[in-house]
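Enquirer: using only what follows, build the 3D model:
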Amino acid sequence: MKKFIIFFLFISSVFTAHAQNNITVDDSVHIIELQGVSVSSIKRTAQQQLFNFFKTNNASTLEDILSRLPEISLLRRGAYGMEPSIRYFSGGQINVLVDGMQIHGACTDKMDPATIYIEPINLQNLQVQTAGNGFINGSSIGGTVNMKMAEPDYLHNHQLTGVFNSGYQTAANNFYESLRLNYSAGKWAIGASGTYRNSKNYRSGGGKVIPFSQYEKVNYSLSVKFQQDKYTYFKADVLADDGWNIGYAALPMDVGYAAARIASVSMYKENSTKRLYKWQTKIYANSVRHFMDDTKRPFVPMHMDMPGESKTVGIYTEGEIRMNRKQKIIFRADGASTFLKASMTMYQGGQLPMYMLTWPDNRKNQLGTSASWLWQPDSLQQLKLSGRIDFVSSQLVSKEAKDQVSIFDNAFEGRKDLLKNLSAQISKKISRRLKVTSSIGYSERMPTATELFGFYLFNASDGYDYIGNPKLKTERALQADVSVLYSWQRSRIQVTAYCSKVNNVIAGTINPALSTMTIGASGVKSFVNIPYAIVAGAEVGGFFKPMPAVDIVSTIRYTLARDNKNDPLPFVAPIKNITAARYQPKNFSMQLESEAALSQNQVSRQYGEDATAGFVLLHCRLGYNTSIFKNNVELQAGVENIFDKKYHEHLDWGNIARPGRNLYVQLKVALNN
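Expert: Numbers count the residues shown, from 1 in each chain. Take a look at the predicted model:
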């Protein structure tokens with residue numbers, strides 16, 4: 001590992017010796033615009049170009065969008081509620097934020113990652129930070145996904161404007177409707193949105209219907225903005241998301257309902273003449289309720305009710321200070337308190353109900369601060385040094401919770417942890433066309449509530465019940481990456497390589513002294529720290545424009561992850577490529593697209609994995625734009641998985657086949673009153 005890091009530093013120093021041209025400040029944050037709004041202060045990154053190209057489907061869920069980004073893969077337990085991972089890392093190893101706010105799912109089985117409570121119409125952009133650059137908003141070893149909320153605008157004073165979308169897809173008999181409205185008057189602006197989705201059980205390749213793959217949901221939001229003066233405005237946001245009758249084909253239970261409520265009040269100030277030229281403060285609160293349900297499943301040996309809830313309140317303030325023409329500081333201070341509780345009631349015929357806590361009542365309090373110093377000595381190079389410290393306390397907050405955790409001789413009176421994070425990044429413009437960025441970092445992360453306090457949580461992937469361990473150590477990671485960007489005319493190609501060594505890796509190991517509780521479980525595993533693991537990989541992204549009306553994009557990603565015994569870690573995606581070509585003369589567009597993945601034979605048998613076959617998919621998409629009564633109208637149609645291929649990806653639990661041939665048609669109308 002030391003040789004690997006020395007190699008990265010050597011490469012950086014070599015490139016530093018040859019700089020010649022202009023540089024764009026800060027490559028650590030990739031911003032993906034969702035609304036097609038032009039923001040003059042943000043230069044389009046390679047990631048933005050890829051996203052803007054692939055977002056041709058107006059009915060896409062946020063999960064569809066995330067799956068197109070080269071750094072992100074999705075762990076799939078059903079057609080809904082897929083869990084994002086960043087370069088292999090997932091769960092408590094990464095941050096998933098809503099507009100900088102912490103939010104925690106309420107399901108012990110990870111059926112409700114924060115991303116399911118957000119619709120693309122709610123968002124202005126996505127910010128993806130990786131590895132050593134991903135801890136600025138909160139300690140993590142894998143990175144951060146920040147979903148930036150859309151804001152009301154003042155573009156059309158005293159006018160009601162908006163966008164309406166409607167779509168239908170055949171594979172799941174899926175209907176989708178959404179509406180976003182905006183109105184402004186003087187210093188006030190109001191934005192509102194609503195989305196409805198109704199998806200039935202989908203058909204896989206060959207026509208087989210996949211049971212328990214349905215879902216239905218509604219999402220609605222309101223945002224009010226007041227412009228106090230040319231430098232300052234205040235904003236209040238409320239978002240609600242309700243899902244019900246959500247099937248999870250790879251799990252033994254479905255979801256009766258999943259509901260989130262998110263509210264915040266913010267102050268923003270920006271004045272380019274001041275030393276502190278950007279500053280914002282946000283106070284927020286959110287709650288999530290989740291209820292697992294098995295009443296629609298056949299042959300249930302024992303009915304169970306499994307509700308869960310999470311409640312978070314928090315505050316953060318962040319800003320940018322211009323020290324001089326060559327230096328600036330970006331800072332953030334934040335605090336949050338999260339309460340979690342989940343339980344299970346088992347109903348066995350002829351006996352009294354049995355009750356236990358699967359997440360014993362617990363609270364995590366966190367206070368943290370971070371800062372980044374950016375130095376740009378000339379137009380050719382930039383150095384960025386970043387650091388973050390978090391103080392975290394974890395407590396069980398009821399006698400019932402403490403009594404249950406103490407069953408396994410785990411008397412717990414609370415724990416306090418100090419998390420430390422550091423990184424350094426160098427960017428160089430080698431020539432007019434070639435740019436290199438490299439970084440090295442150290443980061444830490446807390447064990448999750450499941451890893452600390454989980455009580456007989458059944459994992460359907462490997463078939464074991466899991467028990468938490470309050471004595472776990474924090475995971476600690478040393479990371480390095482290098483990225484080379486080559487641009488010419490209107491084309492570009494970017495190659496990135498990365499490597500992380502994670503110490504004190506939290507993993508489940510078989511505990512033969514314990515008996516199972518779940519009927520049919522293979523045994524019981526307890527969370528422990530194993531010495532270390534190595535995660536490495538590479539990503540390639542290209543954007544080519546051979547003619548004015550033709551665009552071609554291609555991405556490739558590869559990850560390798562092994563533990564201290566050189567055994568493969570679970571849920572490592574194989575090499576995957578997405579390539580697409582679009583022809584768009586004026587109002588008409590046609591796109592041909594392929595998805596291809598190699599087989600994955602490097603699998604973790606101890607976590608219930610088996611080999612996954614490779615696959616190749618072909619898609620075709622058509623679009624037409626016109627104007628009706630001065631309103632822009634866009635009609636889209638297409639076929640996904642043209643050859644009705646039956647396949648599943650390696651991160652799909654239970655080897656459940658994905659949708660087969662899917663025909664879709666969609667309408668988008670821009671409303672201008």
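Enquirer: quick check, Ile116 in contact with Tyr80.
Expert: Yes - counting by CB atoms under 8 Å, Tyr80 is a contact partner of Ile116 at 6.7 Å. No exception for glycine: its C-beta is placed from N, CA and C like everyone else's.
Enquirer: which residues do those two both contact?
Expert: Common contact partners of Ile116 and Tyr80 (CB atoms under 8 Å, 6 or more residues apart in numbering): Gly243.
Enquirer: give me phi/psi at the residue in the chain sticking out farthest from the centre?
Expert: No residue in the chain sits farther from the centre than Gly350, which is 44.8 Å out by CA atoms, centre = their mean. The phi/psi pair for Gly350 (degrees, to the nearest 10) reads phi 80, psi 0.
Enquirer: report pLDDT for it.
Expert: At Gly350, the model reports a pLDDT of 81.
Enquirer: also Gly247?
Expert: For Gly247, pLDDT reads 96.
Enquirer: and it, how far is that from Ala106?
Expert: From Gly247 over to Ala106 the distance is 18 Å, taken as CB to CB, to the nearest Å.
Enquirer: and the closest residue to Thr612 other than its chain neighbours, how many neighbours?
Expert: In this structure, Thr612 finds its nearest non-sequential neighbour in His650, 4.1 Å apart by CB to CB, 6 or more residues apart in numbering. As a burial measure, His650 scores 25 neighbours (other CB atoms under 10 Å).
Enquirer: check the one 10 residues further on too.
Expert: Burial of Gly660 is recorded as 22 neighbouring residues (other CB under 10 Å).
Enquirer: and the pLDDT at it?
Expert: For Gly660, the model assigns a pLDDT of 97.
Enquirer: quick one, what contacts it?
Expert: 171, 203-207, 641, 644-646.
Enquirer: which residues of this structure score low on pLDDT?
Expert: Residue ranges of the chain with pLDDT under 70: 1-52, 54-57, 673.
Enquirer: kindly recompute the last result at 50.
Expert: Along the chain, the model assigns pLDDT under 50 to residues 1-28, 33, 35-43.
Enquirer: residue boundaries of the helices in it?
Expert: Under the criterion DSSP state H, the chain contains helices at 2-16, 46-54, 62-68, 399-405, 449-453.
Enquirer: what does the fourth one rub up against?
Expert: Residues from elsewhere that reach helix 399-405, judged by CB under 8 Å, 6+ apart: 356-357, 360-362, 396, 411-412, 453, 455, 468, 470.
Enquirer: so how far is Ala260 from the residue nearest to Ser213 when sequence neighbours are not counted?
Expert: Nearest non-adjacent residue to Ser213, counting by CB to CB, 6+ apart: Ala79, 4.4 Å away. Separation of Ala79 from Ala260 (CB to CB): 19 Å.
Enquirer: same question, Asn511
Expert: Using CB to CB, Asn511 is found at 35 Å from Ala260.
Enquirer: between those two, who's got more neighbours?
Expert: Per other CB under 10 Å, whichever of Asn511 and Ala260 has more neighbours is Ala260, with 25 against 18.
Enquirer: what's around the residue nearest to the more buried one when sequence neighbours are not counted, how many residues?
Expert: On the basis of CB to CB, 6+ apart, the spatially nearest residue to Ala260 that is not a chain neighbour turns out to be Tyr117, at 3.9 Å. Per other CB under 10 Å, the neighbour tally for Tyr117 reads 28.
Enquirer: residue contacts, Tyr117?
Expert: Contacts of Tyr117 by CB under 8 Å, 6+ apart are 98, 103, 219, 239, 241, 258, 260, 262, 288.
Enquirer: I'd guessed the third one sits against Pro120; true?
Expert: No - look at Asn219 against Pro120 with CB under 8 Å: they stay out of range, at 10.1 Å.
Enquirer: correct me, but Gln227 touches Tyr233?
Expert: Yes - using CB under 8 Å, Gln227 is in contact with Tyr233, at 4.6 Å.
Enquirer: which one's more surrounded, those two?
Expert: Using other CB under 10 Å as the criterion, Gln227 and Tyr233 rank with Tyr233 on top: 20 against 17.
Enquirer: what's across from the more buried one in the sheet?
Expert: Beta-bridge partners recorded for Tyr233 (DSSP bridges): Gln227, Tyr268.
Enquirer: residues contacting it?
Expert: Neighbouring residues of Tyr233 by CB under 8 Å, 6+ apart: 225-227, 267-268.
Enquirer: same question, Gln348
Expert: Applying CB under 8 Å, 6+ apart, the residues contacting Gln348 are 302, 354.
Enquirer: switch to 10 Å and redo it
Expert: Applying CB atoms under 10 Å, 6 or more residues apart in numbering, we find Gln348 in contact with 301-304, 354.
Enquirer: ditto for Met344
Expert: Applying CB under 10 Å, 6+ apart, the residues contacting Met344 are 108, 292, 304-308, 354-359, 455-458, 517.
Enquirer: burial measure for Leu670, as a count.
Expert: No Leu there; residue 670 is Ala. 14.
Enquirer: what do you get for Cys107?
Expert: Neighbours around Cys107, by other CB under 10 Å: 22.
Enquirer: which non-adjacent residue is nearest it?
Expert: Nearest residue to Cys107, sequence neighbours excluded (CB to CB, 6+ apart): His290, at 4.6 Å.
Enquirer: what about the one you found, distance to Lys364?
Expert: From His290 to Lys364 the distance is 18 Å (CB to CB).
Enquirer: those two: which is more packed in?
Expert: Shown here are His290 and Lys364; by other CB under 10 Å, His290 has more neighbours (25 against 20).
Enquirer: verify the stated contact: that one with Ala106.
Expert: Yes - applying CB atoms under 10 Å, one finds His290 in contact with Ala106, separated by 3.9 Å.
Enquirer: joint contacts of the two?
Expert: Jointly contacting His290 and Ala106 under the rule CB under 10 Å, 6+ apart are 112, 258-260, 307-310, 342.
Enquirer: filter the residues you listed down to just the ones in strands.
Expert: 258-260, 307-310, 342 (DSSP state E).
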